[in-house]
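[1] Turn this into a model:
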Amino acid sequence: MLLSGKRGPAPKLSGERLAEVVRRYESGQPVTALAKEYNVSASTVYAAFGAAGVHVKDSCKRGSHTAETLSRAAQAVALAKAGKLHREIASALGLTRARCSQLISIGKTLTEMLPCGQKLRTDCRHGKQ
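    A predicted model of the protein is given here:
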């Protein structure tokens, strides 16, 4: 029998703790780093942001990928367009299959955002150095 109207466990991020996480996120710290520091999962952070009405940044549109990530994403997309399988691309680039898939997704997303005919670049116009 429930004594109060609330169900489930208490939120892991609320009140001042959530306010601090939001402040640090808005100042540019990544969700994964904050989650690790506050000993919660990234999905918990995102769920708390959603409940609090915090706008979550789209990392691809914000240009938060490093030049190295963009370069590897461009390589992975080029190999995929050449007909290579993800396992072959992962092996060629020294990646796990999961990271290979992430890079291909990043590369395709960024390529779709570029003006027609423009190539994915690795300079500061598309990502941080």
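[2] biggest helix in this protein by residues?
    Taking DSSP state H as the criterion, the chain has its longest helix at helix 97-113.
[3] remind me which residues of the protein are low pLDDT?
    For the chain, the stretches flagged by pLDDT under 70 are 1-6, 8, 57-65, 110-129.
[4] now the helices for it?
    Under the criterion DSSP H, the chain contains helices at 15-26, 31-37, 42-52, 59-62, 67-81, 86-93, 97-113.
[5] which stretch among those helices comes nearest Pro9?
    For the helices of the chain, the distance to Pro9 is smallest for helix 42-52, at 11.3 Å, taking Cβ to Cβ. For glycine as for every other residue, the C-beta is placed from the backbone atoms N, C-alpha and C.
[6] Give me the distance from that closest one to the chain's centre.
    Remark: helix 42-52 is offset 14 Å from the chain centroid, using Cα atoms, centre = their mean, to the nearest Å.
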